[in-house]
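1. quick one: sequence plus predicted model below, questions after.
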Amino acid sequence: MRTPAVALALLLSACASAPAVDTRAHAQELAQRYLILDGHIDVPYRLHAQRGGVVDDVGAATEGGDFDYPRAKAGGLDAPFMSIYTPAEDEAKGTSKQVAEELIDLVEGIARAHPDRFAIARTAAEVRATAAQGKIALLLGMENGSPIEGKLENLEHFYLRGVRYITLCHGQDNHICDSSYDKRHTHSGLTPFGREVVRRMNELGVMIDISHLGDDSLWQVLELSKAPVIASHSSLRFFTPGFERNMSDAMVRAMKQNGGVVQINFGSSFLTAAANQIGFQRVQELESYRASHNLSEDSQELKDYAARWDASHPFPFADVKDVADHIDRVVQLAGIDHVGLGSDFDGVGDSLPTGLKDVSMYPNLIAELLRRGYKGAAIEKICGLNVLRVMERCEAIARELQGASAR
Ligand SMILES: [Zn+2]
């Protein structure tokens, strides 16, 4: 027979564990019920890199990668922005537009191969309708404006192909603006053509994405844009001091004024100072080893060196709680209407946080938000409604601007 003390202990432990189980189940249920929109998933480039070999069919379970249909459904994901990413180097090579066309072809191929599972969406209304049918709405977000190649006709072309946001640059200054990763500050912000691009994006209803922009570029976009903007996959500089790729508190406050949304990047190096520093240290170490040994980027010797380096420098993975900390801070600075999700799945390698390793794990984040006291309506905004609001607002402003120019 149990002593009363043991019985009490069992009772207490049952009380302590019961809410945790309930929270997980509740989070799972909310993930399925609410529309989850993710601002940045690099599936197209993952598939592009596989060309010539076996290309993953993301309509079925895949061995690698962070995204496939079964895992997306398990995680409650409804509307991922498929990243139409072109590397900065392609601008000088003149291949950006061609690569972007191929990436869009790949996304269209996914929808064509699995019409019962995916559909490409071009408007907020199409996102809602597709999700209501139980399908995943594939949105197109162009990461790096290089494929515009200096012609507004190309911007219009990509709009017609379904692109609904453009990250104006990527890792280097380009013909549109300066990048946060490039210390040259070539144009001190937007180029004259970049200003034309911003105006035309407003007129077309293509959202401007300020992720990756250098500070000058970002502030100039906020001043110039007539429509709210997004940061499709950026976190907060407060937690990663000196990392210009993330947003400062002043920028987050300015997003409130602009009506835009900061979509938090899940990559560990975007979330904590420890992961941020070791990530840079690793890149520098590998690059200096590569250069001093005269190795190619994909040499086996470099891979072996990287493996040895990793074994002696365990990566300080962030946690799902860190993502929630970033969400909390945007809410403190700008309110609940200006935060969303921009995982960077398939784009940040294996640096993803514990508990958020792939698209099946959004419920873990929702559970953390529930534990922090977020209510359903707030969670629904974070999961997707905030960005849908920006999409709708951009569509409406485009109609107004087109009406004004027709009069
Ligand atoms: Zn990126």
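-> Here it is on my side, so go on.
2. ok, S96 to I84 distance?
-> 10 Å (C-beta to C-beta, to the nearest Å). Every C-beta, even on glycine, is put in place using the N, C-alpha and C of the backbone.
3. again but with H157, I slipped
-> With distances taken as C-beta to C-beta, H157 is found 13 Å from I84.
4. I'd like the next helix or strand past the helix or strand bottoming out on mean pLDDT in the chain.
-> Lowest by mean pLDDT, DSSP states H and E among the helices and strands of the chain is helix 4-33, with a mean of 68. Counting by DSSP states H and E, the next helix or strand C-terminal to helix 4-33 is strand 36-41.
5. distance of the residue nearest to G94 when sequence neighbours are not counted relative to L35?
-> Leaving aside its sequence neighbours, G94 sits nearest to E149 (C-beta to C-beta, 6 or more residues apart in numbering; 7.8 Å). E149 sits 35 Å away from L35, taking C-beta to C-beta as the criterion.
6. picking up where we left off before, so between S96 and I84, which is more surrounded?
-> Neighbour count, other C-beta atoms under 10 Å: between S96 and I84, I84 has more, with 30 against 26.
7. where does the more buried one fall, secondary structure wise?
-> strand 77-85.
8. okay, angle between that strand and strand 36-41 too, please.
-> 10 degrees (axes from the mean of the first three to the mean of the last three C-alpha atoms, to 10 degrees).
9. strand partners (parallel or antiparallel) of strand 77-85?
-> strand 36-41 (parallel), strand 136-143 (parallel) (DSSP bridges).
10. quick one: the helices in the stretch 251-400 of the chain, in order.
-> For the stretch 251-400 of the chain, helices defined by DSSP state H, counting those that start in this stretch occupy the ranges 268-271, 273-292, 300-312, 320-334, 362-371, 376-380, 386-406.
11. residue contacts, L224?
-> L190, R195, V198, R199 (C-beta atoms under 8 Å, 6 or more residues apart in numbering).
12. nearest to H212 among the residues you listed?
-> Distance to H212, by C-beta to C-beta, is smallest for L190 among the contacts of L224, at 13.6 Å.
13. V252 and I327: what is the separation?
-> From V252 to I327 the distance is 11 Å (C-beta to C-beta).
14. could you do D215 as well?
-> According to C-beta to C-beta, D215 stands 23 Å off from I327.
15. higher neighbour count, these two?
-> More crowded of D215 and I327, by other C-beta under 10 Å: I327, with 26 against 16.
16. against G267, how distant is the nearest residue to that one once chain neighbours are set aside?
-> Here the nearest residue to I327 in space, its sequence neighbours aside, is V339; by C-beta to C-beta, 6+ apart that works out to 5.4 Å. Here the criterion is C-beta to C-beta. By it, V339 lies 17 Å from G267.
17. more neighbours, these two?
-> Set V339 next to G267 and count neighbours by other C-beta under 10 Å: V339 wins out with 25 against 22.
18. mind checking pLDDT for that one?
-> Listed pLDDT for V339 reads 98.
19. just F238 next, same as before
-> According to the prediction, F238 has pLDDT 98.
20. quick revisit: now intersect the contacts of L224 with the helices, please.
-> Judged by DSSP state H, the contacts of L224 include R195, V198, R199 as members of helices.
21. return the member of the contacts of L224 nearest to S351.
-> Closest approach to S351 among the contacts of L224 (C-beta to C-beta): L190, at 30.6 Å.
22. that closest one contacts C177, correct?
-> Yes: between L190 and C177 there is a contact under C-beta atoms under 8 Å: 4.7 Å.
23. shared neighbours of those two, anything?
-> With C-beta under 8 Å, 6+ apart as the test, L190 and C177 both reach L168, S217, Q220, V221.
24. please tell me how far the second one sits from V55.
-> Which is S217. Using C-beta to C-beta, S217 is found at 35 Å from V55.
25. who's more crowded, those two?
-> Taking neighbours as other C-beta under 10 Å, S217 and V55 compare with S217 leading, 26 against 14.
26. excluding chain neighbours, give the residue nearest to the more buried one in space.
-> Using C-beta to C-beta, 6+ apart, the closest residue to S217 is C177 (3.9 Å).
27. before we move on, what about Y85?
-> Residue nearest to Y85 in three dimensions, not counting chain neighbours: E143, with 4.1 Å by C-beta to C-beta, 6+ apart.
28. shouldn't the residue nearest to G94 be in contact with T95?
-> No: the criterion here is C-beta under 8 Å, and E149 misses it with T95 at 10.0 Å.
29. the residue lying closest to A31 once chain neighbours are set aside: how many residues sit nearby?
-> In space, and not counting its chain neighbours, A31 is closest to G76: 3.1 Å by C-beta to C-beta, 6+ apart. Using other C-beta under 10 Å, G76 is surrounded by 22 other residues.
30. do the one 4 residues further on as well
-> Other residues near P80 come to 26 when the count uses other C-beta under 10 Å.
31. state the pLDDT value of it.
-> The model's pLDDT for P80 equals 98.
32. and it, how far is that from H185?
-> P80 is 33 Å from H185, by C-beta to C-beta.
33. one more: S83?
-> Distance from S83 to H185, by C-beta to C-beta: 26 Å.
34. these two: who's more crowded?
-> Neighbours were counted for S83 and for H185 using other C-beta under 10 Å; S83 has more, 29 against 14.
35. out of L190 and C177, which sits in the more crowded spot?
-> Legend: neighbour count by other C-beta under 10 Å for L190 and C177, higher for C177 (29 against 25).
36. next, the buried residues of stretch 378-385.
-> If you call a residue buried by 16 or more other C-beta atoms under 10 Å, then stretch 378-385 has these buried ones: A378, I379, E380, K381, I382, C383, G384, L385.
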